[in-house]
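# need a structure here:
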Amino acid sequence: MTMRLLGVFDDGSKAATAVTSVRGNNVGEVLVYSPTLNHAIDRALDMKVSPVRTFTLAGGLLGCICGFALPIYTVLDWPLITGGKSLISIPAFAVIAFELTILFGAIAGLAGFLGLSGLPSLRRKTVEDPRFSNDRFGVLITCEESQGETVRGYLQDAGAEEVKDHA
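Below you'll find the model as predicted:
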């Protein structure tokens, strides 16, 4: 049987201390609510680099390839020979390739962000505590009932203002 404990902190470093102690002793899953970006919490959670930039790179490369392929195909399909110049002129096509690189990269980056973040969320999620979007930090621990008092102690030792059972 599992239980959920929610610790409310007034400082991000205290929340990071709680996260470090819970993760270090491997007693439960940690979810943090933060009103602002806090690098101490990121380090405590051992956050990885977002893969969104990979989507942006792939989209940019695809856009560049399409940016050169489209005008080359068009020129080869409908050749207009003027003044004996070659049909395929890379400098003239570079502008189109650049624009499509930016366009496809931006669209792929946005799609990657939306896909990885689970947006749009069709299920309405409840806010744990409105203070977490104002000035307080929340650490939600999901653990076994037998470890509940240990986790409660970790949260209180880290300086939690309040520790409450969460359904």
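# quick one: contacts of stretch 152-164?
Contact with stretch 152-164 is made by 5-11, 14-15, 17-18, 21-22, 25, 27, 136, 139, 141, as judged by Cβ atoms under 8 Å, 6 or more residues apart in numbering. Using the backbone N, CA and C atoms, a C-beta is placed for each residue, glycine as well.
# go on, stretch 69-83?
Residues outside stretch 69-83 that contact it (Cβ under 8 Å, 6+ apart): L87, I88, A92, F93, I96, L100.
# most neighbours, which of the residues you listed?
Within these, neighbour counts (other Cβ atoms under 10 Å) peak at L100, which reaches 21 neighbours.
# tell me how far it lies from G138.
Distance of L100 to G138, computed by Cβ to Cβ, to the nearest Å: 44 Å.
# same thing with P51?
Separation of P51 from G138 (Cβ to Cβ) stands at 26 Å.
# so which of those two has more stuff around it?
Between P51 and G138, counted using other Cβ under 10 Å, G138 has the larger neighbour count: 22 against 10.
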